[in-house]
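curious how this folds, go ahead:
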Amino acid sequence: MFLLGLSIVLTGCKTGQTDDSVDQNEVIEENDASVEDSVHSVADLTTMIRSNPLNSGLFAKRAEAQAAAGNFEEALNDISLAIKLDSLNPSYYVIQAEYFIFGGEPNSAKKGLTQCLNLFPDNTEIMLKLAEIHFYLQEYSQSKGILRQVKLIDNDIAQIYFIDGLILLENKDTTNAIRNMRFAIEKEPEFYPAFIALGRIHSAQNNDLAIDYYRAAADIIPDSYEARYNLGLYLQDHNYSTEAINEYQYIIDQIDSTLANPYYNIGYINLIYVEDFDQALEYFTLALEKDPEYVDAWYNRGFVYEITGKYKKARDDYQQSLEISPNYALSIKGLNRLDDNKPFQYK
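Sure, this is the predicted structure:
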């Protein structure tokens, strides 16, 4: 369930009292006016830092570039340098906490934010990030205690109700979790993480309201893989085959054509629901082009070959899947069928 919480981390926290903070864009502009509106590589930012080594904003910007590349250790080093240069910028502490989380160091994130809260005791941005981390560490009472403090400062912040909703979900109180997620949306009508959470809750209940919530999330962030893929899965599992294929095709055409799952799922729909074996074969093959280690795709492509009478190709695919996963039961059964000269007869 913490993956839901990560939605906050990924989108960043916009709410909180940051009047005491230094405007990062101003700091950057003192060094290079083009930085604010441009995407710079790590190498570019390193060159800028050499010219202005006391510019905290440049270190923060390089940390962002490092994190985008998945280099969280380097990102942590840079944001730590930014804090040393400007220890009164609370946003830097939030960013540092995010990098600690992605680097697998939640206790370090908690420690840094607790220290920051001593400097900025009424900063709701810091408080909410700390509440998230307590939630991640399953320290629910501490998280709820912070949320109560935030409410005393400003009870109109959507994240309060969202995090509280996550805690309720963890404690199996789905009814009140839904109520809190809806409160979050009332406070902030485009609060994407709450729509995703409500989509997942209703999906688990096989409730078609999941469709509405996922579509609302996709309206907020049209290029959200998460919203589109989850919507596709729900539609697929509830026999809305054409609509599901449309969502997966949107991902392929508009978001990321390199991911194997959308191709695989289109293949699966064509195999199981539509019974279009040519399309199933095409899309399983595309999935394998994107991910040659996709064991389910090897099996299902082999199964298509088997039910269409191409037994040699079926055997090859089953054997390939077992090269990847030696105990893959479906492929073992498939090979046994072929060995016994009793191929699957599709009815």
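
residue 261: neighbour count?
For residue 261, the count of nearby residues is 19 (other CB atoms under 10 Å). All C-beta atoms are positioned from the backbone trio N, CA, C, and that covers glycine.

that one and residue 214: what is the separation?
Using CB to CB, to the nearest Å, residue 261 is found at 16 Å from residue 214.

what are the buried residues along the host helix or strand of residue 314?
In this assignment (DSSP states H and E), residue 314 forms part of helix 311-324. For helix 311-324, a neighbour-count test (16 or more other CB atoms under 10 Å) marks 313-315, 317-318, 320-322 as buried.

out of those, which one sits closest to residue 192?
residue 321 (37.1 Å; CB to CB).

other SSEs contacting the helix or strand that residue 99 is a member of?
Using DSSP H and E, residue 99 maps to helix 90-102. Here helix 90-102 touches helix 2-11, helix 56-68, helix 72-85, helix 106-119, helix 124-136, going by 3 or more CB pairs under 8 Å, 6 or more residues apart in numbering; DSSP states H and E.

one more pass at 6 Å, please.
For helix 90-102, the packing partners by 3 or more CB pairs under 6 Å, 6 or more residues apart in numbering; DSSP states H and E come out as helix 72-85, helix 106-119, helix 124-136.

quick check: which of the ones you listed is nearest to residue 227?
helix 124-136 (20.7 Å).

what angle do the closest one and helix 106-119 make?
Orientation check (axes from the mean of the first three to the mean of the last three CA atoms, to 10 degrees): helix 124-136 against helix 106-119 gives 150 degrees.

pull out the buried residues from helix 124-136.
Buried, per 16+ other CB under 10 Å, within helix 124-136: 124-136.

contact partners of stretch 153-168?
The contact list for stretch 153-168, computed with CB atoms under 6 Å, 6 or more residues apart in numbering, reads 4-5, 15, 122, 124, 128, 131, 135, 140, 147, 150-151, 176-177, 180-181, 183-184, 187-188, 191, 193-194.

in helices, which of these appear?
Using DSSP state H, the members of those that fall in helices are 4-5, 124, 128, 131, 135, 140, 147, 150-151, 176-177, 180-181, 183-184, 187, 193-194.

now the residues you listed: which count as buried?
Taking 16+ other CB under 10 Å as the criterion, what is buried in the ones in helices among the contacts of stretch 153-168 is 4-5, 124, 128, 131, 135, 140, 147, 150, 177, 180-181, 183-184, 187, 193-194.

coming back round to it: which of the buried residues of helix 311-324 sits closest to residue 172?
For the buried residues of helix 311-324, the nearest to residue 172 is residue 321 (37.4 Å; CB to CB).

helix or strand for the closest residue to that closest one other than its chain neighbours, which one?
With sequence-adjacent residues excluded and distances taken as CB to CB, 6 or more residues apart in numbering, residue 321 is closest to residue 298, at 3.8 Å. When elements are assigned from DSSP H and E, residue 298 belongs to helix 295-307.

low-confidence stretches in the protein?
Low-confidence segments of the chain (pLDDT under 70): 1-39.

could you rerun that using 90?
1-40, 68-72, 87-88, 90, 98, 100-106, 112, 115-116, 118-119, 345-347 (pLDDT under 90).

from residue 55, how far off is the closest residue to residue 138 other than its chain neighbours?
Distances taken as CB to CB, 6+ apart place residue 170 nearest to residue 138, at 7.5 Å, with adjacent residues excluded. With distances taken as CB to CB, residue 170 is found 42 Å from residue 55.

neighbour count: these two, which is higher?
More crowded of residue 170 and residue 55, by other CB under 10 Å: residue 55, with 21 against 14.

how near is the more buried one to residue 92?
When residue 55 is compared with residue 92 (using CB to CB), they lie 13 Å apart.

what of residue 288?
Distance of residue 288 to residue 92, given as CB to CB: 44 Å.

quick one, which of those two is more surrounded?
residue 92 (28 against 20).

tell me which residues touch the more buried one, please.
Counting by CB under 6 Å, 6+ apart, residue 92 makes contact with 82-83.

the one 5 residues further on now?
For residue 97, the set of contacting residues under the criterion of CB under 6 Å, 6+ apart consists of 109, 112-113, 129.

now, the most widely separated pair of the residues you listed?
Most distant of the contacts of residue 97, by CB to CB, are 112 and 129, 9.9 Å apart.
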